[in-house]
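A.B. asks: what's the 3D shape of this:
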Amino acid sequence: MSGKLDLTVGACIVADKKILLMHHAKLDKWLFPGGHIEQNETPDDAILREVREETGLEAQFKQYGEVNISPDVKKLAIPFYANVHSVGNHNHFCSYYFMSVDNVNLTKNNESKDLKWFTYDEIKQSNELLQNIKDTAMYILMFDAVSRL
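C.D. replies: Numbering: from 1, shown residues only. So this is what the prediction gives:
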């Protein structure tokens, strides 16, 4: 992979043993909500903004680092996964965050054809999801189940 590299974020939002995916209007694929990190924006600010814009949800991070080095240093959420992938004419470096919500009522915007909460079995059996989306979604649903024990 070569060429332009954009910094992006993705939200793996779990509620009631389901994970949220959006059917991206432009790319015509089921993906995690998320998008580009804007100039002068932290990854945390970017993912909270993207989730709000794309789903109408107010999400919370599930993972923060254990180390609090100094009170004058802003602590950020820790991505549970990151990758570089091609989106056609450029690449994305994407940090994925494990997130939760209190309210599951969705508000779709023009960036998506649909928003849907998927169970583990629906993800596993789907033929319309990219393999990396399936693998990531199943992983985070299993991780969520174990963390609730």
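
A.B. asks: neighbours of residue 75, just the number please.
C.D. replies: For residue 75, the count of nearby residues is 13 (other CB atoms under 10 Å). Every residue, glycine included, has its C-beta placed from N, CA and C.

A.B. asks: pretty sure it is in contact with residue 63, am I right?
C.D. replies: No: using CB atoms under 8 Å, residue 75 is not in contact with residue 63; the gap is 11.5 Å.

A.B. asks: Using CSV, write down the CA coordinates of the lengthiest helix in the chain.
C.D. replies: Taking DSSP state H as the criterion, the chain has its longest helix at helix 131-147. Coordinates of each C-alpha in helix 131-147 appear next as CSV, following Å, rounded to 0.1, in the frame of the first residue of the first chain:
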residue,chain,number,x,y,z
GLN,A,131,-14.4,-10.7,6.4
ASN,A,132,-12.4,-8.2,8.4
ILE,A,133,-15.6,-6.5,9.7
LYS,A,134,-17.0,-10.0,10.6
ASP,A,135,-13.8,-10.9,12.4
THR,A,136,-13.6,-7.6,14.3
ALA,A,137,-17.3,-7.6,15.3
MET,A,138,-17.2,-11.2,16.5
TYR,A,139,-14.0,-10.6,18.5
ILE,A,140,-15.5,-7.5,20.3
LEU,A,141,-18.8,-9.3,21.0
MET,A,142,-16.8,-12.2,22.6
PHE,A,143,-14.6,-9.7,24.5
ASP,A,144,-17.7,-8.0,25.8
ALA,A,145,-19.3,-11.3,26.9
VAL,A,146,-16.1,-12.3,28.8
SER,A,147,-15.7,-8.8,30.4
